[in-house]
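# I need the structure of the sequence given here:
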Amino acid sequence: MALYGYIALDGQGIEQRGEVEVRDEREARAQLRSRQLRVVHLQEGALPAEGGWGVRVLEFIAPVLPRNWLPVRGPDLALLFRQLALMLRAGHTLVHALDACARLTPKLRARALVRGLAERLRGGHNLSEAMRLAGRPFTPLMIALVGSGETSGELDTVLGRLADDLERRTELRRQLASALTYPAIVLLAAVGVVTFLVVTVIPRFATYLAGRGKEVPGPAQALLDISAWLTEWGPLVTLGAALAVFALLAARSHALGRRLSDRFVLMIPVVGSTLVAAAMAQAAWTLALLVRSGATVLESLQVSAQVMGNRALGAAFERAGELVLAGRSVSAALSQVVVPPLMRHMAEVGESSGELDTVMEAVGAYYRKELDARVKLLSAMIEPLLILFVGGIVGFVYFAFFQAVMTVSSR
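Model (predicted):
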């Protein structure tokens, strides 16, 4: 037998703390469910004593911790929707559930957001209206889904689906970021090392060799020429690069410029197909979620276009919504260059079978697996190319450096 400490909510949403002595965690959860308790936290061993000096210190410094002032992100909203769904299934009223979530939320900005929602509900608004008035971080997809859940009476189910969707989107972003972070760090470090050697070390050796009447070796002289060029033209090159970045950002601030730049990104080998796989997974899950929650296909396409990060793909779904409004089928409306043929074909299958939501859920799972494979391919391609590129540059610099050293040592 083992001792498990727990924090749970009773039928009134009041926090309960205690310990149970059971064989394993599964039995502990079963025993707590039999007491009509909803587990919030369960750990092996006793819980820390409440009111101790350590707890008081943590409570004192908690408001000034940096995490409390960070913006409300997707994981915070996923946790909120998951808790709301759980409490609504347990029989809580929505206002009572929001009050309980506010007490359980550790981040101050998230707590203020939840309390604001509760106050708007007390003022006579429904949850979707309260979310719309709150603005960010609630997206049109969330507001539309919550509104459909309120209309259909299945708000707890919709909130659970929203939590699943947010967790999947967070995982997609994590995969894409992890594939690009390591190469970026390695490249940045290599550029720093090479710049230090070329600008600082090699010129000193050249001065020393010239003072001793030695001829500077060819590789070292090449680096000296590069260093001199960077010294003379570096500020102008940096200014030009800064202006180019500014122009790109200015272009992306307009709808047409962002659409064109996003379309160009989709044309990059491997990277473009990876972004398409991520976007199609998100679009398919969004369509499945909205159609299953009672939204029309037109509304689903419009919301899907708004939540897509790539505006070229988003514009394609906006156009598809216009074509559906004009009487075209979903598969015909999605027959556009940037939309993969599989997406169009599966939309046709879903329409003909009357199970568009189920088919789109399967399509989302397929593209998720394809994304996993493409992220691995991207990492497998970038790392060796980066090693060869960086290794070649660093190797040449060290060759020039040691050749200069050997010239110094020779008589």
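# can we go C-alpha only for contacts and neighbour counts from here?
Noted.
# Now the helix or strand hosting Ala112: buried residues?
Ala112 belongs to helix 108-122 when assigned by DSSP states H and E. Across helix 108-122, burial judged by 16 or more other CA atoms under 10 Å covers Leu108, Arg109, Ala110, Arg111, Leu113, Val114, Arg115, Gly116, Leu117, Ala118, Arg120, Leu121.
# do stretch 130-143 as well
Burial within stretch 130-143, assessed by neighbour count using 16+ other CA under 10 Å, is assigned to Ala130, Met131, Arg132, Phe138, Pro140, Leu141, Met142, Ile143.
# Check stretch 378-387 too.
Taking 16+ other CA under 10 Å as the criterion, stretch 378-387 shows Leu378, Ser379, Ile382, Glu383 as buried.
# And stretch 287-305, by the same measure?
Residues of stretch 287-305 classed as buried by neighbour count (16+ other CA under 10 Å): 287-293, 295, 297-305.
# Please apply the same query to stretch 153-166.
Leu155, Asp156, Thr157, Val158, Leu159, Gly160, Arg161, Leu162, Ala163, Asp164, Asp165, Leu166.
# For it, C-alpha coordinates in CSV please.
Only the C-alpha atoms of stretch 153-166 are listed here, as CSV (Å, rounded to 0.1, in the frame of the first residue of the first chain):
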residue,chain,number,x,y,z
GLY,A,153,-26.6,22.8,-25.5
GLU,A,154,-23.3,20.9,-25.8
LEU,A,155,-21.0,23.6,-24.4
ASP,A,156,-19.0,21.1,-22.3
THR,A,157,-18.3,18.9,-25.4
VAL,A,158,-17.3,21.9,-27.5
LEU,A,159,-15.0,23.2,-24.8
GLY,A,160,-13.3,19.8,-24.6
ARG,A,161,-12.8,19.8,-28.4
LEU,A,162,-11.4,23.3,-28.2
ALA,A,163,-8.9,22.2,-25.6
ASP,A,164,-7.8,19.3,-27.8
ASP,A,165,-7.5,21.6,-30.8
LEU,A,166,-5.3,24.1,-28.8
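# Check the average confidence over it, would you?
Predicted confidence along stretch 153-166 averages 79 (mean pLDDT).
# gap between stretch 289-297 and the chain center?
Using CA atoms, centre = their mean, to the nearest Å, we find the averaged C-alpha position of stretch 289-297 to lie 24 Å away from the chain's own average C-alpha position.
# worst-scoring helix or strand of this protein, pLDDT-wise?
helix 53-61 (a mean of 49; mean pLDDT, DSSP states H and E).
# isn't Leu386 right up against Leu187?
Yes - with contact defined as CA atoms under 8 Å, Leu386 and Leu187 form a contacting pair (7.4 Å).
# could you point out which element follows the helix or strand containing Met131?
If you go by DSSP H and E, Met131 is part of helix 127-134. Elements were assigned by DSSP H and E; along the chain past helix 127-134, the next helix or strand is helix 140-152.
# That next one vs helix 127-134, what angle?
In terms of direction (axes from the mean of the first three to the mean of the last three CA atoms, to 10 degrees), helix 140-152 departs from helix 127-134 by 150 degrees.
# Contacts for helix 140-152, please.
Counting contacts by CA atoms under 8 Å, 6 or more residues apart in numbering, the residues outside helix 140-152 that touch it are 127-129, 131-132, 155-159, 162, 290, 293-295, 303-304, 306-307.
# let's go with 7 Å and repeat that
Residues from elsewhere that reach helix 140-152 (CA atoms under 7 Å, 6 or more residues apart in numbering): Ser128, Met131, Arg132, Leu155, Val158, Leu290, Ser293, Gly294, Ala295, Val303.
# Closest one of those residues to Val270?
Distance to Val270 across those (CA to CA) is lowest for Val303, with 27.3 Å.
# how close does that closest one sit to Ala315?
Taken as CA to CA, to the nearest Å, the spacing of Val303 relative to Ala315 amounts to 12 Å.
# same check, this time on Phe402
Here the criterion is CA to CA. By it, Phe402 lies 56 Å from Ala315.
# These two: which is more packed in?
Between Phe402 and Ala315, counted using other CA atoms under 10 Å, the more crowded position is Ala315 (18 against 13).
# Are we agreed that the more buried one is in a helix?
Yes - residue state for Ala315 (DSSP: H, G, I helix; E, B strand; the rest coil) corresponds to a helix.
# need the strands for the protein, in chain order.
Using DSSP state E, the strands of the chain run over residues 2-9, 15-22, 38-44.
# circling back: would a markdown table of the contacts of helix 140-152 with distance to Ala283 be doable?
Conversion of those to a markdown table gives the following (distance: CA to CA, whole Å):
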| residue | distance to Ala283 |
| --- | --- |
| Ser128 | 22 |
| Met131 | 22 |
| Arg132 | 22 |
| Leu155 | 22 |
| Val158 | 17 |
| Leu290 | 11 |
| Ser293 | 15 |
| Gly294 | 17 |
| Ala295 | 15 |
| Val303 | 9 |
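# quick check, nearest of those to Val237?
Of all the contacts of helix 140-152, Val303 has the smallest distance to Val237: 42.5 Å, by CA to CA.
# how near is the closest one to Glu215?
To Glu215, Val303 is 69 Å away according to CA to CA.
# Next: Arg82.
Using CA to CA, one gets 72 Å for the distance from Arg82 to Glu215.
# Between the two, tell me which one has more neighbours.
Regarding Arg82 and Glu215, a neighbour count based on other CA under 10 Å identifies Arg82 as having more, with 19 against 13.
# my guess is the more buried one meets Ala163, correct?
Yes - taking contact to mean CA atoms under 7 Å, the distance of 5.7 Å between Arg82 and Ala163 places them in contact.
# Please identify which of the strands of the chain is closest to Arg29.
Arg29 lies closest to strand 38-44 among those, at 7.3 Å (CA to CA).
# Report the distance from the closest one to the chain centre.
Mean C-alpha position of strand 38-44 versus that of the full chain (CA atoms, centre = their mean) differs by 28 Å.
# What of stretch 359-371?
18 Å.
# So which bits of it are buried?
Val359, Met360, Glu361, Ala362, Val363, Gly364, Ala365, Tyr366, Tyr367, Arg368, Glu370, Leu371.
# So what's the residue count around Tyr182?
The criterion is other CA under 10 Å. On that basis, Tyr182 has 14 neighbouring residues.
# how far away is it from Val339?
Tyr182 is 30 Å from Val339, by CA to CA.
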